[in-house]
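K.L.:
got a sequence here, can you model it:
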Amino acid sequence: MDVKELYKKKDDFYGKKVTLEGWIRNHRKQKEFGFIDFSDGTCFSHVQIVYDQSLSNFEEITKLMVGSAIKIEGILQKSEGKGQEFEIKLLSYELLGDCPKECPLQPKRHSNEFLREIAYLRPRANLFQAVFRVRSVAAYAIHKYFHKRGYLYFHAPLITASDCEGAGEMFQVTTLDLNQVAKTGKVDYAKDFYGKKAGLTVSGQLEAETFAMAFKKVYTFGPTFRAENSNTKTHASEFWMIEPEIAFCDLEQLMDIMEDFLKYIVSYVLKHAKEEMDFFDRYVEKGLKDKLNKLLESKFTKVTHEEVITILKNANVSWEFPPEYGEDIAKEHEKYITDYFQGPVFITNWPKDIKAFYMKQNSDQKTVAAVDLEVPGAGELMGGSQREENYEKLIKRMEELHLNKEEMQWYLDLRRFGGCTHSGFGMGFERLLIYLTGVENIRDVIPYPRTPGNCEF
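P.N.:
Purely as a prediction, here's the structure:
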């Protein structure tokens with residue numbers, strides 16, 4: 001039996017023998033009795049195992065070490081102590097896997113920095129039990145949301161010759177002898193595995209657009225990679241992205257989808273990960289659940305980038321980074337704007353010079369039909385745009401940015417062969433998890449973080 005099943009069916013098992021397999025998370029031994037904090041990982045809750053000296057192997061049991069894997073048989077009974085509804089009176093046990101006392105993970109408070117050094121053990125710690133369970137629940141909710149609404153799940157390629165963002169932050173993929181390249185100083189991509197320069201994808205968006213032109217509504221949800229030498233709490237070189245693409249959808253419709261999507265995921269996690277969210281609310285971010293419930297009740301504000309800059313410039317604030325028309329906004333600006341409107345804010349119509357080539361150009365020739373969603377407590381959480389469907393305008397924009405039109409002809413052809421109005425957005429999965437859990441560092445919401453100088457495990 002699993003612990004999760006035991007919690008669900010406990011009323012049927014009081015006074016009966018149960019068998020469980022799992023691990024010792026803590027062990028408190030006293031002269032005549034002892035308590036084992038037991039978990040099998042199937043749910044966030046643990047089970048208390050009690051034993052006393054009436055057992056013939058009492059002394060042997062007291063020597064069981066924290067971290068050991070055991071199989072136990074016992075009688076389920078109402079708990080006499082505080083903190084748990086029931087407990088198991090031990091009848092017998094079998095040691096399945098011992099754990100020496102020098103195990104680095106002990107039943108005490110460890111720093112998150114230390115736990116990253118033993119990332120192969122940290123899923124056993126309460127914080128990461130909660131984090132990775134919420135990660136699993138949120139991932140399921142994402143798939144469920146799109147499938148209930150008729151989207152096709154599209155697997156974008158991880159190896160690509162297309163730099164979607166055009167920022168030159170792709171990891172290169174090659175089978176060339178790099179020692180030989182270093183000696184000669186020459187690279188002949190014609191001799192490489194793919195016969196051309198290739199890299200790990202920074203986004204599946206462009207390929208997803210091709211499928212949207214066939215299936216109307218599609219989404220990708222998978223790993224993406226950025227060779228960006230950034231060491232902030234919100235950046236990693238490998239992370240997961242959710243990227244839907246929708247045909248016959250303009251920017252206004254897209255914002256409705258973005259709002260509906262985010263509220264669905266937040267609501268689903270609050271409902272299906274109650275224990276974990278209570279834990280985060282109590283130990284990680286006080287008021288977390290109130291923050292998330294307030295988002296569910298909010299109507300998202302819509303405001304243009306120009307209007308945002310005007311609000312910021314008129315604010316009686318000494319900015320570290322003064323706001324300017326035509327430029328991006330900083331974290332301090334994001335916080336001010338969500339406080340100003342007292343809730344989530346869609347910022348639309350961004351200056352085209354700071355946005356990607358594929359975004360639809362507005363009639364003012366200065367802005368594009370792009371949108372960022374800013375939420376209280378997190379700042380930018382999602383970003384999207386209406387894609388440029390006009391063939392000539394897209395070519396002109398690519399020429400302005402000196403992008404290779406020949407290599408991107410397949411993308412341009414989408415506009416020639418039955419193109420239509422279409423839009424899409426992207427959201428970093430780990431950014432969402434930071435928002436949902438209150439855990440501040442991206443390194444602590446992804447199983448094995450990949451950051452500059454770090455590729456362990």
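K.L.:
what about residue 60, how many residues nearby?
P.N.:
11 (other Cβ atoms under 10 Å). Where C-beta positions appear, they are placed from N, C-alpha and C, glycine not excepted.
K.L.:
ditto for residue 426
P.N.:
Residues lying near residue 426 (other Cβ under 10 Å) number 20.
K.L.:
again with the one 4 residues further on
P.N.:
Burial of residue 430, expressed as a neighbour count using other Cβ under 10 Å, amounts to 24.
K.L.:
now swap in residue 246 and tell me
P.N.:
Residues near residue 246, counting by other Cβ under 10 Å, number 22.
K.L.:
swap in residue 91?
P.N.:
That count, for residue 91 with other Cβ under 10 Å as the rule, works out to 14.
K.L.:
please apply the same query to residue 153.
P.N.:
By other Cβ under 10 Å, neighbour count at residue 153 equals 13.
K.L.:
which strands and helices sit next to the least confident helix or strand in the chain by mean pLDDT?
P.N.:
Across the helices and strands of the chain, mean confidence by mean pLDDT, DSSP states H and E is lowest for helix 178-184: a mean of 91. Helices and strands touching helix 178-184, by 3 or more Cβ pairs under 8 Å, 6 or more residues apart in numbering; DSSP states H and E: there are none.
K.L.:
neighbouring contacts of that helix?
P.N.:
With Cβ atoms under 8 Å, 6 or more residues apart in numbering as the test, helix 178-184 has contacts from residue 187.
K.L.:
centre of the chain to it, how far?
P.N.:
38 Å (Cα atoms, centre = their mean, to the nearest Å).
K.L.:
buried residues in it, which are they?
P.N.:
By 16 or more other Cβ atoms under 10 Å, helix 178-184 has no buried positions at all.
K.L.:
ok, then the element right after it?
P.N.:
Once helix 178-184 ends, the next helix or strand along the chain (criterion: DSSP states H and E) is strand 198-200.
K.L.:
any idea how many residues pack against the nearest residue to residue 424 once chain neighbours are set aside?
P.N.:
Spatial nearest neighbour of residue 424, excluding adjacent residues (Cβ to Cβ, 6 or more residues apart in numbering): residue 245 at 3.9 Å. Residues within reach of residue 245, counting by other Cβ under 10 Å, total 31.
K.L.:
quick one: secondary structure of residue 245?
P.N.:
Of the three states, residue 245 takes strand under DSSP: H, G, I helix; E, B strand; the rest coil.
K.L.:
sec struct for residue 262, please.
P.N.:
Secondary structure for residue 262, judged by three-state DSSP, is helix.
K.L.:
distance of it relative to residue 73?
P.N.:
Separation of residue 262 from residue 73 (Cβ to Cβ, to the nearest Å): 46 Å.
K.L.:
show me where the stretch 301-450 of the chain has helices.
P.N.:
For the stretch 301-450 of the chain, the helices defined by DSSP state H, counting those that start in this stretch cover 305-314, 331-341, 391-400, 409-416, 429-437.
K.L.:
what about the last one, distance to the chain center?
P.N.:
Averaged C-alpha coordinates place helix 429-437 at 5 Å from its chain's average position (Cα atoms, centre = their mean).
K.L.:
contact partners of that helix?
P.N.:
130-131, 134-135, 138-139, 142, 221, 234, 236, 239-242, 265-266, 269, 280, 284-285, 288, 292, 375, 377-378, 381, 439-442, 445-446.
K.L.:
dump the helix or strand hosting residue 222 to CSV, restricted to CA.
P.N.:
Per DSSP H and E, residue 222 falls inside strand 217-225. What follows is strand 217-225, C-alpha atoms only, in CSV (Å, rounded to 0.1, in the frame of the first residue of the first chain):
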residue,chain,number,x,y,z
LYS,A,217,-4.5,25.7,-32.3
VAL,A,218,-1.2,24.1,-31.2
TYR,A,219,1.2,24.3,-28.3
THR,A,220,4.7,23.3,-27.4
PHE,A,221,5.9,22.5,-23.9
GLY,A,222,9.5,21.4,-23.6
PRO,A,223,13.1,22.4,-22.8
THR,A,224,14.8,25.4,-24.4
PHE,A,225,18.4,26.7,-24.2
